[in-house]
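Colleague: I'd like to go over a predicted model; first the sequence, then the structure.
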Amino acid sequence: MRESVPALHSQLVPQLSWPESAAFLVLLAASIFGFWWRFRKVWRVVLQSRKDPDFHLQPVGRRVADFIWEVMLQGKVISQRPLPGIAHALVFWGFCVFALITANHFAEGLHLGFLDRNGVIGPVYFDIAAVFAIAVAVSIAGLSFRRFVIRPKWLGPLSPESGIISLLIFLLMITYLGTFVNGWESSRALWWAHTLTILIFLPLVPHTKHLHLLLSPITVFLKRDTFSKIPPLAGDEDFGLDTGKDITELTALQAFTCVECGRCSQHCPATNTGKILNPKEIALGMRGYLNEFGPASEEPLLGEQMSGFHLSQEAVFQCTTCGSCEFQCPVGVQHLPMIIGLRRGAVNTGKWEDDYGTKLFLNLERNGNALGFSSSERDKFIQKQELPIFDGTQEYCLWLGCMGAYDPQGREIIASLVRVFRGLNVTFGVLRKEKCTGDPARRLGNDLAFGQLAESNLEALQQNKVKKIVSICPHCVRTIGTDWAEYGEAPPIEHHSEFLARHLDQLPAREGEGEKIVYHDPCYLGRYRNVYDAPRDVVGRFGTLTDPPRSRERSFCCGAGGGLAFLGEEKGKRISVERAEELVATGASVVAAACPFCNTMFRDALSGVSATPPKLLDIAQIAAASFAPKGPDGL
């Protein structure tokens, strides 16, 4: 045995007696049993849940890429909350490094250590682990200060378990670093302190939110392959998430994975404006239900208050489906399939009673549009604008949608886009008969109405031999391009911002600096379709572009999505007002939107928050102004 030197790798193994090794073995077995006793219950619940009918591992490449970025590199954790994110990442990386150290530590207790502290590789690895131990200790101390002193409201009430786990992690690092102090290298007391800390920590993990340390890598790898994917119903007996027996394996896995970090709550428009909906509580409510009733229960999932776990029907129907919660979650929880699944369970079983919702569904059934107008009104608009009927020879089918065909502001957007088409000599036509895509029915959980609309529209597109579609509505783009796939293959569709950006060089350039324009990112164009630059390129060609504080991936919803545009007045502060205040505060003279629903929501909101509100224009109106003499809405 060589002499002790100040070098980090000079530590020696304490020589445990066989009685000490025997005691360690008993304690280790007890710790592992305590861990498995709880973990097996959780895993059994997941495996006993209903199979996900549409789950498939392909494409594995994408899953591996997501796993590397979100788990191994902690990309989402760091990018969305940089400072605490880096601290969390260092703790995670430290745990990865310490996996081998801990395994060797346990082996040493049985005189079977496999890392030679006096060899070639061992000292280097121990030194690397020491560096990570320092980083983890500093990080966990900083995170504890944030949790217990700064106390961001999104983290929720203080919990003793967080303090206990943080203390144990800190002690693990300190007791490891203590072995690098001269004279303490072979300290039995230090070895046992480190050992007992591990043995206490291990069985606590599955009893706390720190279970995500084990489940989140699995959850990230297995999550649904499309953002906010609404899984198909499995046959006539599947009505959505109505009772415990309807909960699927992925839903159960994600419910137990939630780390309660509050990122979803921090960005939820409903939570931010005084509604009772909190997306974190949806996942925790699902977990609470499974813990109490199990996955085979006939107890209803929704109610006002259920055995102390809140899964409120009112909260579920306050969701705008903006996707902020799902985008922000660092552990793979997909809230929207849960929320829409719960809506399905309530609507498809007749448990949701809402006058506005009933009227909406009747409008879709009887008139084929969400606004309840006769189709003759659409015909009049087509005739007035002299829009050509698609006959199969034109390049594009212009999808009007409910807002473009019946809403006055939406009609102005269509007219502007048509002016651009004609200015660019692009051939296009509209369908003679067109119904709502079914977006509001889909998001509110009415699968019957959605399916009927999807099938009718797909038949019309096929009969007219449509090859390419362009739409002013991101909701239509998402529904046609993704949700209709259950009923047939639709032609490729793009949003008009993508079309305009692609033809940007052909649009007349602006004269002078142009007005200051603040651009609002629509949820269904940004987070759902990942289109951020195209509309900005258009705006930047005709004015001076600025962004509000919450923009791009963090854009704040207008409040119309998820069918809420048709469900009457909101409780609490209106989401559109919250966003309008932010847009007005930029000092821009023009608010640019790229969604007719956003346009509708901001129309009144801007006037309500400012005596001299900025002009509200769609990017099509901004682009179209360059093809005609400047009028009252020109730039």
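Modeller: Received it, and whenever you're ready, just let me know what you need. Just so it is clear, the model here is predicted, and its values are computed rather than measured. Numbering: from 1, shown residues only.

Colleague: tell me who's in contact with the nearest residue to Gly445 once chain neighbours are set aside.
Modeller: Once flanking residues are discounted, Gly445 sits nearest to Arg343: 3.3 Å by Cβ to Cβ, 6 or more residues apart in numbering. Quick note: C-beta positions are derived from backbone N, CA and C, even for glycine. Shown in contact with Arg343 (Cβ atoms under 8 Å, 6 or more residues apart in numbering): Gly240, Val316, Phe317, Trp352, Arg443, Leu444, Gly445.

Colleague: okay, the second one: pLDDT?
Modeller: Spelled out, it's Val316. Val316 carries a pLDDT value of 95.

Colleague: quick one, what contacts it?
Modeller: Contacts of Val316 (Cβ under 8 Å, 6+ apart): Leu277, Ile282, Leu302, Ile339, Leu342, Arg343, Ala346.

Colleague: and the strands in the stretch 251-400 of the chain?
Modeller: 396-399 (DSSP state E, counting those that start in this stretch).

Colleague: swap that for the stretch 51-200 of the chain, please
Modeller: Going by DSSP E, counting those that start in this stretch, the stretch 51-200 of the chain shows no strands.

Colleague: most neighbours among the contacts of Arg343, which one?
Modeller: Gly445 (29 neighbours; other Cβ atoms under 10 Å).

Colleague: look up phi and psi at it.
Modeller: Dihedral angles of Gly445 (phi, psi; degrees, to the nearest 10) stand at phi 100, psi 10.

Colleague: where's it relative to Glu515, distance?
Modeller: 42 Å (Cβ to Cβ, to the nearest Å).

Colleague: do the same with Phe170
Modeller: 55 Å.

Colleague: skipping its backbone neighbours, what lies nearest Val45 in space?
Modeller: Using Cβ to Cβ, 6+ apart, the closest residue to Val45 is Leu290 (5.3 Å).

Colleague: so the one you found is in contact with Asp246, correct?
Modeller: No: contact criterion Cβ atoms under 8 Å: Leu290 and Asp246 do not qualify, at 11.9 Å.

Colleague: now do whichever helix in the chain runs longest: which elements does it pack against?
Modeller: Counting residues, the longest helix found in the chain (DSSP state H) is helix 18-48. Applying 3 or more Cβ pairs under 8 Å, 6 or more residues apart in numbering; DSSP states H and E, we find helix 18-48 packed against helix 82-109, helix 188-204, helix 249-257.

Colleague: can I get the CA coordinates of stretch 155-162 in CSV?
Modeller: C-alpha atoms of stretch 155-162 as CSV (Å, rounded to 0.1, in the frame of the first residue of the first chain):
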residue,chain,number,x,y,z
LEU,A,155,-43.2,25.1,-7.7
GLY,A,156,-46.2,24.8,-5.5
PRO,A,157,-46.3,24.5,-1.7
LEU,A,158,-43.2,23.5,0.2
SER,A,159,-42.8,19.8,0.8
PRO,A,160,-40.6,18.2,3.5
GLU,A,161,-39.7,15.4,1.0
SER,A,162,-37.9,17.9,-1.2
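
Colleague: mind listing what's buried in it?
Modeller: Buried residues in stretch 155-162, counting neighbours by 16 or more other Cβ atoms under 10 Å, are found at Leu155, Gly156, Ser162.

Colleague: just those residues: which has the poorest pLDDT?
Modeller: Gly156 (78).

Colleague: next one: it from Arg366, what distance?
Modeller: In terms of Cβ to Cβ, Gly156 sits 45 Å off from Arg366.

Colleague: and what of Met72?
Modeller: Taking Cβ to Cβ, one finds Met72 at 53 Å from Arg366.

Colleague: so between those two, which is more surrounded?
Modeller: Met72 (13 against 10).

Colleague: look at that one and report its pLDDT.
Modeller: 95.

Colleague: gap between it and Ala234?
Modeller: In terms of Cβ to Cβ, Met72 sits 34 Å off from Ala234.

Colleague: please apply the same query to Glu249.
Modeller: 13 Å.

Colleague: just Phe556 next, same as before
Modeller: 35 Å.

Colleague: which of those two has more residues huddled nearby?
Modeller: When Phe556 is set against Ala234 and neighbours are counted by other Cβ under 10 Å, the residue ahead is Phe556, at 25 against 14.

Colleague: ok, the residue nearest to the spatial centre of the chain - contacts?
Modeller: Nearest to the mean C-alpha position of the chain, by Cα atoms, centre = their mean, lies Glu326 at 1.4 Å. By Cβ under 8 Å, 6+ apart, the residues touching Glu326 are Phe227, Ser228, Cys264, Val333, Gln334, His335, Leu336.

Colleague: let's see it at 6 Å
Modeller: Ser228, Gln334, His335, Leu336 (Cβ atoms under 6 Å, 6 or more residues apart in numbering).

Colleague: ok, now Ser626?
Modeller: Pro508.

Colleague: looking at this, it is in a strand?
Modeller: No: with DSSP: H, G, I helix; E, B strand; the rest coil as the criterion, Ser626 is assigned helix and is not in a strand.

Colleague: what's the spacing between it and Ala454?
Modeller: Ser626 is 37 Å from Ala454, by Cβ to Cβ.

Colleague: now Ala594
Modeller: For Ala594, the distance to Ala454 - Cβ to Cβ - is 24 Å.

Colleague: more crowded one of the two?
Modeller: More crowded of Ala594 and Ala454, by other Cβ under 10 Å: Ala594, with 31 against 25.
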